[in-house]
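*Asks:* Let me see the structure of the following:
(3 chains)
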Amino acid sequence: MDTPLVVWFRRDLRLDDNPMLFAAAASGRPVLPVFIADPLVMRIGAAPRWRWGLAVEAFSRRLAGLQQRLILRSGDAAEVLTTLARETGAREVWWSRLYDKDARARDLKVETALQKHGLKIKTFPGHVLAEPWEVMTQAGDYFRVYTPFWRALSAREWPSPTPAPKALRPPAQWPASERLEDWRLEVGMKRGAAVVRPFLAVGEDAALSRLNAFFAGPARQYHALRDRLDLNATSGLSENLTYGEIGVRRIWAVIQAELAARPGDRGVEAFAREIVWREFAHHLAFHSPHIVTENWRAEWNQFPWRPDNADAEAWRRGLTGEPLVDAGIRELWVTGRMHNRARMVTASYLTKHLLTHWKVGADFFAEMLVDWDPASNAMGWQWVAGSGPDAAPYFRIFNPALQAEKFDPAGTYRRAFLAEGQASPPRTALAFFEAVPRSWQLDPTKPYPRPLVDLAAARERALAAWQAGPGATASHTAAKNSRAFETKACKPA
DNA sequence: TGAAATGTTGGGGCG
DNA sequence: ACGCCCCAACATTTC
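*Replies:* Numbering: from 1, shown residues only, chains lettered A, B, ... in the order given. Next up is the predicted model:
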């Protein structure tokens, strides 16, 4: 068999810890790497689409180091792959599996179409540590609560990362490639691209540097400091994981090595739990694909969420008048990302204080986040909203003022992103005004907006809505009632 | 990976 | 010296 293998890259733009590429190298056959600008790439949000292009560019260079190329094509994936196979004589197409609804629907369509043309398909793991069907309850069901999921997953060993291939056999002839610039992936970013670009760490080398820097520094203190908005205590790897510039098995291997050297290290353990939250999101997206578009818990379908509205627009613009909320949103405009704690606070504010549907917020994040991932984004929003997995037996409403006191005690984070009222605002705070559309006519010297809502009153409103709906049927209420009933019924007369 | 209400404790002021 | 009150700080309970 000397026909070339088509290896279709999507969210696995790396050489290291890439089981598909490792197998392709081991096969000894000519390898034809391809990236396709199909609707799943072209129809995502502006920021992730742009960032994906940067990942493709970096990965092309990496392949060039192996005297290889990344063929670029655009169009329907099934058609592109069929054409490419016809042009090159390839009889086999490989890819790394993805698990969210849209990707699976696309991949299934591609598989069917290619098989019709007599092409062989082979798919590989690598995007997650454990395949979604590998971590199940005793009863054979999928986990709906994080802690038992964590216990089940972390108790087991998972495949080691494969090394980067030293060589990849090129095909006898290179098929034509489109030019990345012609895809205009940056077009939706407008003024944002220049502002956000300096905050990115693009490509496999940058990702590995981040991993090393994290374990050389913040990892030890991660358990204590990861929630602090005013410190750089996180790994920043979400941006790279999204496009597969680093593999989770590589990260897991480093975690295990660190834990072997320092058993019970609380910082490293806490980091492992965050990595497993990502696993949880992907597994949920596989087992309950509706999580991306529908309330994960059906009892939330009657909740009086407001559709998109003027308050939500103020939220998107970082103009709610609630300092921590606006700081978070402006961090997103300026850096393309947001600290996880700020994501929770801004999401809680939109869904509770502004009583706006989580999908409005999830859509905005999908447009803006360079680390946007359908599974993580959906799970995160639904978790905060209350309609998702791992719900607490009470209505979780973050108080932005209290969260600011706890996680930004000196106001450093807020000052970093809120220019108004500062004599000489930091660059990051001013950058927000360069990133947003001019048509908004924002001006850093104008006064900071007054609060959109009274926190206490908005809290009461949300609480009342919950008690009238999901809270009335929540399991804890039922359990409490039945306990009370039992007590009465069982008490001797 | 919540917040507020409620309960407990202990120190200090003061009669 | 003592009891009482107040309140902050912390812990626990409740939603």
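*Asks:* going forward, measure contacts between C-alpha atoms and count neighbours the same way
*Replies:* Fine.
*Asks:* Alongside DNA strand B, which residues does the stretch 351-493 of chain A contribute?
*Replies:* Applying Cα under 7 Å from any atom of the strand, we find that the stretch 351-493 of chain A lies next to DNA strand B at A:394-400, A:402-403, A:456.
*Asks:* Report the entries of those that also contact DNA strand C.
*Replies:* Taking Cα under 7 Å from any atom of the strand, the overlap between these and the neighbourhood of DNA strand C is A:394-395.
*Asks:* Can you flag the buried ones in the residues of the stretch 351-493 of chain A next to DNA strand B?
*Replies:* Taking 16 or more other Cα atoms under 10 Å as the criterion, what is buried in those is A:395, A:397-400, A:403.
*Asks:* In chain A, what residue comes closest to DNA strand C?
*Replies:* residue A:394 (5.2 Å; Cα to the nearest atom of the strand).
*Asks:* Looks to me like that residue is in a strand.
*Replies:* No. Remark: residue A:394 does not belong to a strand; assigned using DSSP: H, G, I helix; E, B strand; the rest coil, it is coil.
*Asks:* Next, it: phi, psi?
*Replies:* Main-chain torsions, residue A:394, degrees, to the nearest 10: phi -150, psi 170.
*Asks:* In space, what's closest to it - neighbours in sequence excluded?
*Replies:* Using Cα to Cα, 6 or more residues apart in numbering and skipping the chain neighbours, the partner closest in space to residue A:394 is residue A:471 (7.7 Å).
*Asks:* The host helix or strand of that neighbour packs against which elements?
*Replies:* Secondary structure assignment for residue A:471, by DSSP states H and E: helix A:470-473. With contacts defined as 3 or more Cα pairs under 8 Å, 6 or more residues apart in numbering; DSSP states H and E, helix A:470-473 has no helix or strand neighbours.
*Asks:* Just the CA atoms of that helix, as CSV, please.
*Replies:* Coordinates of the C-alpha atoms in helix A:470-473 are reproduced here as CSV (Å, rounded to 0.1, in the frame of the first residue of the first chain):
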residue,chain,number,x,y,z
PRO,A,470,-37.7,25.3,39.0
GLY,A,471,-37.2,25.9,42.7
ALA,A,472,-40.7,24.8,43.5
THR,A,473,-40.1,21.4,41.9
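*Asks:* Please report the distance of residue A:467 from DNA strand B.
*Replies:* Note on residue A:467: its distance to DNA strand B, by Cα to the nearest atom of the strand, to the nearest Å, is 13 Å.
*Asks:* Report the buried residues of the helix or strand encompassing that residue.
*Replies:* Using DSSP H and E, residue A:467 falls within helix A:455-468. Within helix A:455-468, the residues scored as buried using 16+ other Cα under 10 Å are A:455, A:458-459, A:462-463, A:465-466.
*Asks:* So what touches that helix?
*Replies:* Contact with helix A:455-468 is made by A:303-304, A:352-355, A:395, A:397, A:399, A:472, as judged by Cα atoms under 8 Å, 6 or more residues apart in numbering.
*Asks:* Looks to me like residue A:33 is in a strand.
*Replies:* Yes. Using three-state DSSP, the assignment for residue A:33 is a strand.
*Asks:* which ones are touching it?
*Replies:* Going by Cα under 8 Å, 6+ apart, residue A:33 touches A:6-9, A:69-71.
*Asks:* Please apply the same query to residue A:376.
*Replies:* Going by Cα under 8 Å, 6+ apart, the list of residues near residue A:376 reads A:278, A:281-282.
*Asks:* Name the member of those residues with the most neighbours.
*Replies:* Sorting these by how many neighbours each has (other Cα atoms under 10 Å) puts residue A:282 first, at 26 neighbours.
*Asks:* In this structure it contacts residue A:103, no?
*Replies:* No. Checked against Cα atoms under 8 Å, the pair residue A:282 and residue A:103 is beyond contact range at 11.9 Å.
*Asks:* looking at chain A, which helix or strand is least sure?
*Replies:* Using mean pLDDT, DSSP states H and E, helix A:475-490 stands out as the lowest-scoring helix or strand of chain A, at a mean of 37.
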